[in-house]
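In: Just need the structure, nothing else, for what follows:
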Amino acid sequence: MDSQATQKKVELPDQSDGVSSMKIDPKRVLPYIFIHGGCLAVIWVGWSWFAVAAAVFLYVVRMFAITAFYHRYFSHRAFKANRLMQFIFAVWGHTSMQGGALWWAANHRHHHNHSDETHDKHSPVQSGFWFAHIGWLFYPENFSTDYQKVKDYAKFPELVFLNRYDYIVPLAYGAMLLGLGALLESYFPGLGTNAWQLFVWGFFISTVVLLHGTLFINSLAHVWGSRRFETEDDSRNNFLLALITLGEGWHNNHHRYQHSAQQGFYWFEVDLSYYALRAMEKLGLIYDLKPVPARIYDEAGQQKKARIGK
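Out: Okay, the predicted model is just below:
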């Protein structure tokens, strides 16, 4: 995804009549056609247990970069990290082809400011399921980075550079997979993989599944699931989405209190990203994970009693 970095603040047009005032930019559709179409190459390259395992592994570690750092760190400052650590995970998040960390965070902060309101860029309530899921990415109004929304991180030139040239890391990631596949074919032929097979599974297939897993939080998590908190938007908690996205599926929890590093508020709400963050904190890699305040748990208990009493 090529997000053009600009210092100009971008405002969405009035979407009260749907998206009729916006026009798709065909150039922005091409990268998505490319990565989805590339999955079809599996017909020619075939599969191996190693390639499939690599695709799953790369899905998980890159999903963590998106959920823990793009979302909880860059978007919500739910914990702290040093400059090197934030750069490493900004680079790793770029391999997911979801734009720069600053572009991602600016759009997500905008979403929280206008969740399911007229100016929400990806609300299924306002613009329909498929527009909220992926269609919003095709419109010029959504390409630029509003640096006013991410002034806290825009002060780091390395992050601005990555944001401006967000095609560099995906290209390097693809080249790395090709090179690794070639080496494995030459030195470990018993694994049954090769350059193009590893590239198709690790780049195309893993990235497409990762993309839609992330985008389901914009779409399905505002349509399907339960509501613990009576938020002003239509956010939902969804166990299946929480598994797919390593904890992001507890979306109603998150919309009630977005600043916590923990989105599964209770022990039975699986939040793999949070567990990994706790481990990183113990290792000294990150620090100051923000908890869920006691008042939020009190509110949850009160609302549960109110529902039972009806």
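In: Can I get stretch 303-310 in PDB, CA atoms only?
Out: Extracted in PDB, the C-alpha atoms of stretch 303-310 (Å, rounded to 0.1, in the frame of the first residue of the first chain):
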ATOM      1  CA  GLN A 303     -23.900  -3.100  33.100                       C
ATOM      2  CA  LYS A 304     -24.000  -6.900  33.500                       C
ATOM      3  CA  LYS A 305     -26.300  -6.500  36.500                       C
ATOM      4  CA  ALA A 306     -28.500  -4.100  34.500                       C
ATOM      5  CA  ARG A 307     -28.800  -6.600  31.600                       C
ATOM      6  CA  ILE A 308     -29.700  -9.500  34.000                       C
ATOM      7  CA  GLY A 309     -32.300  -7.300  35.700                       C
ATOM      8  CA  LYS A 310     -34.200  -6.600  32.500                       C
END
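In: how about low-confidence regions in the chain?
Out: Along the chain, segments meeting pLDDT under 70 span 1-22, 310.
In: out of all of them, which helix in it is the longest?
Out: Ranked by residue count, the top helix of the chain under DSSP state H comes out as helix 168-187.
In: which helices and strands does that helix pack with?
Out: If contacts are counted by 3 or more CB pairs under 8 Å, 6 or more residues apart in numbering; DSSP states H and E, helix 168-187 sits against helix 83-94, helix 195-199. Every residue, glycine included, has its C-beta placed from N, CA and C.
In: so can I have TSV of these showing mean neighbour count and distance to residue 205?
Out: Putting those into TSV (neighbours: other CB atoms under 10 Å; distance: least, CB to CB, whole Å) gives the following:
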stretch	mean neighbour count	distance to residue 205
helix 83-94	18	18
helix 195-199	22	10
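In: got those as CSV, with distance to residue 70 columns?
Out: Formatted as CSV, those follow (distance: least, CB to CB, whole Å):
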stretch, distance to residue 70
helix 83-94, 5
helix 195-199, 24
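In: which ones are touching residue 244?
Out: 213, 216 (CB atoms under 8 Å, 6 or more residues apart in numbering).
In: From residue 124, how far off is it?
Out: 17 Å (CB to CB, to the nearest Å).
In: what do you get for residue 114?
Out: 14 Å.
In: Strands along the stretch 51-200 of the chain, start to end?
Out: Using DSSP state E, counting those that start in this stretch, the strands found in the stretch 51-200 of the chain span residues 80-81, 145-146.
In: Comparing those, which stretch has the densest surroundings?
Out: Most buried of these, by mean neighbour count (mean count of other CB atoms under 10 Å): strand 145-146, with a mean of 24.
In: Each with direction, which strands does that strand pair with?
Out: Within its sheet, strand 145-146 is paired with strand 5-6 (parallel), according to DSSP bridges.
In: Now do the following helix or strand past the strand it pairs with: which elements does it pack against?
Out: Proceeding N to C from strand 5-6, the next assigned helix or strand is helix 26-38, under DSSP states H and E. Packing partners of helix 26-38 (3+ CB pairs under 8 Å, 6+ apart): helix 206-215.
In: Could I get the buried residue list for the helix it packs on?
Out: For helix 206-215, a neighbour-count test (16 or more other CB atoms under 10 Å) marks 206, 207, 208, 209, 210, 211, 213, 214, 215 as buried.
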